[in-house]
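[1] have a look at this prediction, sequence included:
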Amino acid sequence: MPAKPISLGPMHFDKRGDAVAYLKAMLRRYDVGDRVSAGDAVILRAALEHHPNAIAKIGCGITHFSVRTADFGTKCFWVNRPDGTTEKFSITGSIHGS
Amino acid sequence: MSLADLHSWLLEEGIRDDLDAITRLTVRIELDNLMADPSVQSAAAIDWPRLILAGSILARSEQRTDQEAALRIATAAICLTDNQALKDAGAVLLGKLSNFRAIELATDRDLLAADLDGRLGVALRLETQRREMDRSILVQSSGIWLQVNDFQKRFWTNAAGERWLSASAPTASGKTFLVLQWLIDQVIAGEARVAVYLAPTRALVSEIETNLKALLGKPELIEVSSLPLPDKYKAARTGGARVILVFTQERLHLLANALGDALSIDLLIVDEAHKIGDNQRGVILQDAIERATRVNPKLKAVFISPATQNPEELLTDAPQGVQTIAVDSDSSTVLQNLIVATQAPRQSKLWNLTLRQQDSTLPVGTLQLASTPEGLKKRLAFIAAAVGERGGTLVYTNGAGEAEEVADLISQLLPKLESIDSELSQLAELARKGVHHDFRLAPLVERGVAFHYGNMPSLIRQEIERLFRLGKIRFLVCTSTLIEGVNLSCRTIVVRGPRKGKGHPMEPHDFWNLAGRAGRWGDEFQGNIICIDPENTKAWPSGVPSRARYPIKRESDAVLELGDGILDYLFKRGQSDLSSLEDSDKFEQVSAYLLTTFMRLGSISVASLAKRHDAVLITKLDQTLGALAAQIEIDVDLAARHPGVSAIGLQRLLEAFRAYAGDVENLLPAEVASNDSYDRFITIMGRINEHLFLAFAPVSRIRLYALIVYKWLKGFSLARIIRDSIEWHQKAGKSYSLPELIRGTMELVEQIARFKAPKYLSAYMDVLNLHLREIGREDLIDGELDIGTKLEFGVSSTTLLSLMELGLSRMSAVALYEKISRDDLSKEGCVAWITERVDQFQAMDIPAIIIREIRERLTLPSDLAT
């Protein structure tokens, strides 16, 4: 199967796996409780828009992204919405659509 | 024969037999469920006139044993005889011992007919009146003369003037009452505008605050507060109402920090001052005293401690030129009977009781138990239930869990009451609503039994103590919290193999600090200490301890006496890996103190402590500290704001901030209302552990610690935090024991959210603010309330803080806050909200004790009208 390229905002990746690796490296730079920087947020927003449940995940909008704890001692990205609600999403889920 | 020889002859031979007889009789009337004993001599056979004459001679002695014998004779004459002349003679003897409260008690109990003076001959009346005048003090602020005992008189006389004073006397000497009177007098009629009363625990702080307010009455002439907020202090300093601040040592530092170190105190009272020797917090107390003295070298300091060997030790650090005096007393105001209980051979329900005296023992009788006491907990419970059936009985256990179980066992032996006293019902209601519906305390309290331990919310604990004093709670099962600074006395204390902390057998002075609580002066004539299984070496590795007084030794001095240990620690403290640091429990606080002191003075050799230690050690310390200080850019003022937190740790944290590559805003705690708050605390605690000090250990529990801090700061009630935890366990399918979960949550709140987190997060914020100024990001510095203060009180909203500023306990404040929509109410706004709804509080399901506290603490317009 040929590699599927993907663009996330200003970033272009020849392979989806590269995008996942890029986002995972981004995640590692943050501690839990951190707010994601404006520059990284552009890319994350683009990634989330690829998510199969993008509409539900984005909901009423996005104020910013955070990094917080996830299950089993891991961490992941969370989307924060204007109504105060928040939801986590997975990097691979956004890029590979599952 | 000298007078002293006469005293010893009387005790050893002259009145020995009669004294033994009345001792046996007086002790027997104190104990319940004794079997009849035909061998006990009748009181009628005693030669009373001879005995009372001997008592009057012994009363002139300064020796404790002589005074005790005189007190025993006086008490026996009043309690055991039916003859008014003998009872009157007993009362006169009490007067000679300056024990006026015991005379009042005898009159109140109808043991002594009223108008004693009227029955005395002219000569005796004159002598009595002269003695009463000698033994009275004038309270300047009220113009009232108070009758006092010898210790109280000496305290009052010597407390005048500017000198520093250290007073030591056993429990039941009327220390606290008198010191509070004296303090009020100094602030109302004297020069002191700002007085600080330091007490070692939050429990004692709230107790003293309540007592001061009660003594002052309403309207309050002076402000009393236990919150480390600057407004009342500033008002007092600028001509407003004078203030008495009641603080723990940590709160004193918090206020000094809030005032930029300009906290100038006129009068400093240090209660339970022997706790300057406590591991980890002793040096924080020492630092607080020194800090206050640096700002105002003319400050007057008064130290109070229970029976200590060397109260003068506390005066050695008085500023040069300040005079000092120690007031020491070892005399007892109440008879204390030390009784050992040993099982009768092959009869598990029968226990032989023996009185232990200085050089002899005296069989008292046989105690009969209702059931066979299988196992140690039952033994303790059943003996306590039998011997102390009439109440005022304190049972000592070695931990919170054991306290709950023993209380439960005792309650089962008591008859179920036909009707439950309304105050007991209210306490049960508070336990159910304020902690958990199935909190074990509630059903026990309804039977007049309670348990008591350190991490309980103060409102509940204080109510338990109050109802125990009133006699409504008849049995109180306690833990070592009681010797850590709670003013509570009892009629009888029952104990088996007491430990202090986790498993260390009690030192004799700790045991006697506990045992000394038996005997309520003015409420009882005698106190009883029942020690079970005295011959059992597991329970009592060195036997039941003989009477001992507490040796005062500063924590800092104790650590320095270990010599090289502190040098090694300081050397390793400078290295970067904190996880391998050993013995930090013992050394961290003192090493932080030494480093800050070195930074201030340039050498430890000029510090006051140098005179107490080997010059070689001091030189080595100077070298080690000098090497550390050379690496530190943090200035000494910042380091001094955080006693017990090492300046080298602060420096390492600053370096970590400088090296931080991410967005600097992520270094700040997130607003508690935000979704990031909990996770941000996890990261901050991790950062503190890595760079500052391994404060949040074990590391695997950091998430739990962060969660507690987050919920506490958010203003959640204890009941809600407990409920959440239960839900989490149920959802995750994890088993739990409810009593353990409740105790565990209380402990997390007290030890993490209210103790460690404020200490280390407050230091974290100070260093971060320094970094923010360095990088020109002052815009991120928040000028509001310090995080340490927010955490100590568990508040993040203005409304909640206002409620606590009004004097409410956190439990009451949170109960109201759960009903108040707005989070920005001022004190006036809160009063208005309460005034409008106070009549509906009961219908709003607010516990009665909370409603009572609100009414007591707030002067509501509706209360004024009625």
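    Done, it's in. Treat the numbers as computed from the prediction; the structure is a model and nothing was measured. Numbering: from 1, shown residues only, chains lettered A, B, ... in the order given.
[2] for stretch B:334-354, measure first residue to last.
    19 Å (CA to CA, to the nearest Å).
[3] buried sites along it?
    B:334-341, B:343, B:351-354 (16 or more other CB atoms under 10 Å in any protein chain shown). Every C-beta, even on glycine, is put in place using the N, C-alpha and C of the backbone.
[4] separation between the residue nearest the centre of chain A and chain B?
    With distances taken as CA atoms, centre = their mean, residue A:44 lies nearest the centre of chain A, 4.3 Å away. Distance of residue A:44 to chain B, given as CB to the nearest CB, to the nearest Å: 15 Å.
[5] that residue and residue A:36 touch, don't they?
    Yes: the pair residue A:44 / residue A:36 is scored as a contact, 6.2 Å apart, by CB atoms under 8 Å.
[6] so what sits against both of these two?
    A:65, A:77 (CB atoms under 8 Å, 6 or more residues apart in numbering or on different chains).
[7] that older thread, could you dump the buried residues of stretch B:334-354 into TSV and include distance to chain A?
    As requested, the buried residues of stretch B:334-354 are exported to TSV (distance: CB to the nearest CB, whole Å):
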residue	distance to chain A
B:334	57
B:335	61
B:336	56
B:337	58
B:338	55
B:339	56
B:340	55
B:341	53
B:343	54
B:351	55
B:352	59
B:353	58
B:354	60
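[8] dump stretch B:778-798 to CSV, keeping only the CA atoms.
    Presented in CSV, the C-alpha positions along stretch B:778-798 are these (Å, rounded to 0.1, in the frame of the first residue of the first chain):
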residue,chain,number,x,y,z
GLU,B,778,6.2,40.5,36.3
ASP,B,779,2.8,40.5,34.5
LEU,B,780,2.5,36.9,35.5
ILE,B,781,3.0,37.6,39.3
ASP,B,782,-0.3,37.4,41.1
GLY,B,783,-0.6,39.8,44.0
GLU,B,784,-3.4,38.0,45.7
LEU,B,785,-3.4,35.7,48.7
ASP,B,786,-0.3,33.5,49.2
ILE,B,787,-0.9,29.9,48.1
GLY,B,788,0.4,28.7,51.5
THR,B,789,-2.4,30.6,53.3
LYS,B,790,-4.9,29.4,50.7
LEU,B,791,-3.9,25.8,51.3
GLU,B,792,-3.7,26.0,55.1
PHE,B,793,-7.3,27.1,55.1
GLY,B,794,-8.5,25.3,52.0
VAL,B,795,-9.9,28.3,50.3
SER,B,796,-9.7,29.7,46.8
SER,B,797,-12.8,32.0,46.6
THR,B,798,-13.3,35.4,48.2
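[9] could you give the average pLDDT over that stretch?
    The pLDDT scores in stretch B:778-798 average 87.
[10] cool, and stretch B:96-115?
    93.
[11] report the buried residues of that stretch.
    Using 16+ other CB under 10 Å as the test for burial, stretch B:96-115 gives B:96-103, B:105-107, B:111-112.
[12] dump the residue contacts of the residue of chain B found nearest chain A.
    Residue nearest to chain A within chain B: residue B:680 (3.0 Å; CB to the nearest CB). With contact set as CB under 8 Å, 6+ apart, residue B:680 has these partners: A:32-34, B:666, B:668-670.
[13] quick check: closest non-adjacent residue to it.
    Sequence neighbours aside, residue A:33 is the residue nearest to residue B:680 in space, at 3.0 Å (criterion: CB to CB, 6 or more residues apart in numbering or on different chains).
[14] likewise for residue B:803?
    residue B:813 (3.8 Å).
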